[in-house]
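> Fold the following.
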Amino acid sequence: MPLHLVSPFDRDPEPPGEVEAKPARKRRFLADLCFILIKAGAFLGSIYLAVLGLPLAVFLLLVGGNPTLLFTQLGNLSAHYLAADHLAQAQFVQATAFGLLGLATLVVIWRLPRFIDQVVETLADQRKEP
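Below is the predicted model:
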């Protein structure tokens with residue numbers, strides 16, 4: 001009993017028609033959407049990590065790259081400046097986080113037009129290629 005297998009390469013090509021146009025458009029739309037989401041995630045992630053990591057890098061430079069000394073000074077700041085009041089310490093941390101996130105959001109707004117131009121240009125180039 002012979003075994004006869006037919007692979008997609010063995011079949012005759014089907015003529016393009018109305019039936020294939022609709023799934024191709026859906027696939028193109030989903031591919032574009034995935035590209036935009038990945039690109040936007042990388043854009044936002046890089047900006048927020050850079051802005052939130054910048055104060056840490058500056059303070060590490062100030063203490064000569066010694067993280068132990070940095071955290072000792074931060075402990076002194078919270079103990080003396082905030083007088084060990086947990087409510088004041090929580091407000092200080094919240095205000096600092098709010099300020100850094102606000103700064104990061106301003107950087108995002110500032111760089112957004114360039115990002116949109118890059119995405120539009122890349123999608124236009126992809127549509128030109130066959």
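
> count of neighbours near residue 61?
10 (other Cβ atoms under 10 Å). The C-beta positions use only the backbone N, C-alpha and C, and glycine is treated the same way.

> Residue 23 versus that one, what's the distance?
55 Å (Cβ to Cβ, to the nearest Å).

> what's downstream of the lowest-mean-pLDDT helix or strand in the chain, the next helix or strand?
The weakest-scoring helix or strand in the chain, judged by mean pLDDT, DSSP states H and E, is helix 67-76 (a mean of 79). Where DSSP states H and E defines the elements, the next helix or strand beyond helix 67-76 is helix 86-128.

> longest helix anywhere in the protein?
Counting by DSSP state H, the longest helix found in the chain is helix 18-62.

> Any idea how far that one is from the middle of the chain?
Offset of helix 18-62 from its chain centre (Cα atoms, centre = their mean, to the nearest Å): 5 Å.
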